[in-house]
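>>> What follows is a protein structure lacking sequence information:
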């Protein structure tokens, strides 16, 4: 079983929201990879619409299983709408 760097996990948990260069706000719904990523992506696109979803590849350093398997890690972001901006 792979062990993760708890500091790296804590860093990733702090990443919850971002604002892009156009001023659009995004919230993170998922971080991970492989089959789980593809499943999440499919579901998120179905719920929010592909036009409201953004994928970001991230550095897998500190996530031993991903490093050992040479797997890519991704974040799934969804656009924050006016309804959600009050949260």
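Nice, thanks for sending it over. This one's a predicted model, so the numbers in the text were calculated from it and none came from an experiment.

>>> Low-confidence stretches in this protein?
In the prediction, the chain carries residues with pLDDT under 70 at positions 1-5, 83-87.

>>> all strands of it, in order?
Counting by DSSP state E, the chain has strands at residues 17-19, 25-32, 53-58, 73-79.

>>> Looking at the ones you listed, spot the one closest to residue 6.
Each of the strands of the chain has some distance to residue 6 by CB to CB; the shortest is strand 25-32, at 15.3 Å. (C-beta placed from N, C-alpha, C; glycine too.)

>>> Return the angle between stretch directions for the top helix by length along the chain and strand 25-32.
Of all the elements of type helix in the chain, the one with the most residues (DSSP state H) is helix 34-48. Orientation check (axes from the mean of the first three to the mean of the last three CA atoms, to 10 degrees): helix 34-48 against strand 25-32 gives 150 degrees.

>>> Show me what counts as buried in helix 34-48.
Buried residues in helix 34-48, counted by 16 or more other CB atoms under 10 Å: 37, 40, 41, 44, 45.

>>> Then stretch 61-70?
63, 66.
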